[in-house]
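# With the sequence up front, the predicted model follows.
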Amino acid sequence: MMPASSLLASLVCVVTLLVAPHVSAEEIVLRARYRPGDVYRLALNVSTTTEGTSKGLAGESVDENVRLRYRASVVVLEVDGDGRPVRERHARVSLTFDRPGESGSLFKEGVAYEVLRKDGIEVLLGNQRVEPTLEKTLAEILEKQFEYTLEPALLEPGRAVDVGDSWQPDPSLARRFLLSRGIRVLEFGDGASATLRRKRDEEGRNGLVIDYRIPIARFELTRMPPHTAASRSEARLEGQIRLASEPRTAPTSVTSNLTLSMSGVSTGTAQSVPWSVRSSTIVEKSSTLAQDLVRQDAGSSMP
């Protein structure tokens, strides 16, 4: 039988790994069309906080707090028919991590490599794929980049909207998106909505944003430790998308927060052991199309 402490650690591991005046829907562009040669600066942060408790005889608690920061100057090398990059060059890459008592960098300063986005994500350094553990870490980060997820289609209004208008995010796309994050929705909560608002950014500039919120009344994880059953679960996906000032340009920043809590009983020990897990995963992405950057990045060789 699995010890209560091992069960709790498994649960935490699973959860941690698993978010103007009249404006028409056509003018709200949530997925930009790129062209080969486009250059953009990318900043992507993924922060996960998970707390777990087990109420066995010994009593156990596990806390995990991990923050990943990714920065790169990206050159688009190849796109598909919808203008989505399928091959990019990421230059001047920085990937750092912070967790309690430990921090560091996963790359040498100024490294560059190619990213292939076809059947999954492949990362090439020179003509060779990087080692599997590093590629998996990079893929888990880059898969959360807003324009490569279902979020744009999920949150587009599909009609003309004014500031203050609200609409309901597509529930079928919400299910598919959450499934990609390890959550199988059993029942949505009430009050799912997206609203177009006018707000100032941190520099005081006025602009349009979409605020959204999707409550989940019941769910199950796609991966659960054996002999574990959840009796209660609830979650919420919410965030904000700041639209670019120029029509048909990708959003300048996106923040999403997927929070969940669940509790249940483990039957893998001599006696049933109650447990509970709470988790929050925040994804922050900003990008700036930089067509005025020197295009030599597109042709320079890999280190």
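Looks like it came in fine. Residues are numbered from 1 along each chain as shown.

# Need the per-residue pLDDT for residue 294.
In this model, residue 294 is scored at 42, pLDDT.

# Next: residue 206.
Looking at residue 206, its pLDDT is 86.

# Next: residue 147.
Residue 147 carries a pLDDT value of 84.

# Give me the three-state assignment for it.
Following DSSP: H, G, I helix; E, B strand; the rest coil, residue 147 is assigned to helix.

# Could you find the closest non-adjacent residue to it?
residue 31 (5.1 Å; C-beta to C-beta, 6 or more residues apart in numbering). No exception for glycine: its C-beta is placed from N, CA and C like everyone else's.

# now swap in residue 266 and tell me
Leaving aside its chain neighbours, residue 266 sits nearest to residue 273 (4.5 Å; criterion: C-beta to C-beta, 6+ apart).

# The one you found contacts residue 54, correct?
Yes - applying C-beta atoms under 8 Å as the test, residue 273 and residue 54 come out as touching, 5.8 Å apart.

# thinking again about what came up before, need the contact list for the residue nearest to residue 147.
82, 84, 147, 152-153, 250 (C-beta atoms under 8 Å, 6 or more residues apart in numbering).

# element containing it, please.
Using DSSP states H and E, residue 31 sits within no helix or strand.

# So that it lines up with my notes, have the first residue be 15 from now on.
Got it, the first residue is 15 from now on, which makes the last one we talked about residue 45.

# Now flag whichever of the contacts of residue 45 is closest to residue 298.
Using C-beta to C-beta, residue 161 comes nearest to residue 298 of those, at 14.3 Å.

# Just give the number of residues close to the closest one.
18 (other C-beta atoms under 10 Å).

# and the gap between it and residue 177?
24 Å (C-beta to C-beta, to the nearest Å).

# now swap in residue 295 and tell me
30 Å.

# Looking at these two, which is more packed in?
The neighbour comparison of residue 295 against residue 177 (other C-beta under 10 Å) goes to residue 295, with 24 against 14.

# what pairs with the helix or strand hosting the more buried one, and is each one parallel or antiparallel?
Following DSSP H and E, one finds residue 295 within strand 287-303. The pairing partners recorded for strand 287-303 under DSSP bridges are strand 53-68 (antiparallel), strand 267-280 (antiparallel).

# As JSON lines, the ones you listed with mean pLDDT and mean neighbour count would be great.
As requested, the strands paired with strand 287-303 are arranged in JSON lines below (pLDDT from 0 to 100; neighbours: other C-beta atoms under 10 Å):
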{"stretch": "strand 53-68", "mean pLDDT": "91", "mean neighbour count": "19"}
{"stretch": "strand 267-280", "mean pLDDT": "93", "mean neighbour count": "20"}
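
# Distance to residue 195 added to these, as CSV?
Below are the strands paired with strand 287-303 laid out as CSV (distance: least, C-beta to C-beta, whole Å):
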stretch, distance to residue 195
strand 53-68, 11
strand 267-280, 6
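
# Okay, strands next: where are they in the chain?
Using DSSP state E, the strands found in the chain span residues 53-68, 74-93, 99-113, 116-119, 125-132, 134-139, 142-143, 180-181, 197-202, 207-214, 220-235, 242-256, 267-280, 287-303.

# Looking at those, which is nearest to residue 171?
Nearest to residue 171, of all the strands of the chain, is strand 180-181, at 4.7 Å by C-beta to C-beta.

# what's near enough to touch residue 199?
Residues in contact with residue 199 (C-beta under 8 Å, 6+ apart) are 188-189, 192-193, 230, 232-233.

# ok, now residue 271?
33, 250-253, 294-297.

# Max pairwise distance over those residues: which two?
Farthest pair in the contacts of residue 271, by C-beta to C-beta: 250 and 297, 14.3 Å.

# where in this structure is pLDDT low?
Within the chain, the ranges that satisfy pLDDT under 70 run 15-41, 43, 70-73, 261-262, 282-284, 304-317.

# Apart from its neighbours in sequence, what residue is nearest the residue sitting nearest the centre point of the chain?
Residue closest to the mean C-alpha point of the chain, counted by C-alpha atoms, centre = their mean, is residue 158 at 3.4 Å. The shortest distance from residue 158 to any residue other than its chain neighbours is 4.9 Å, reached at residue 297 (C-beta to C-beta, 6+ apart).
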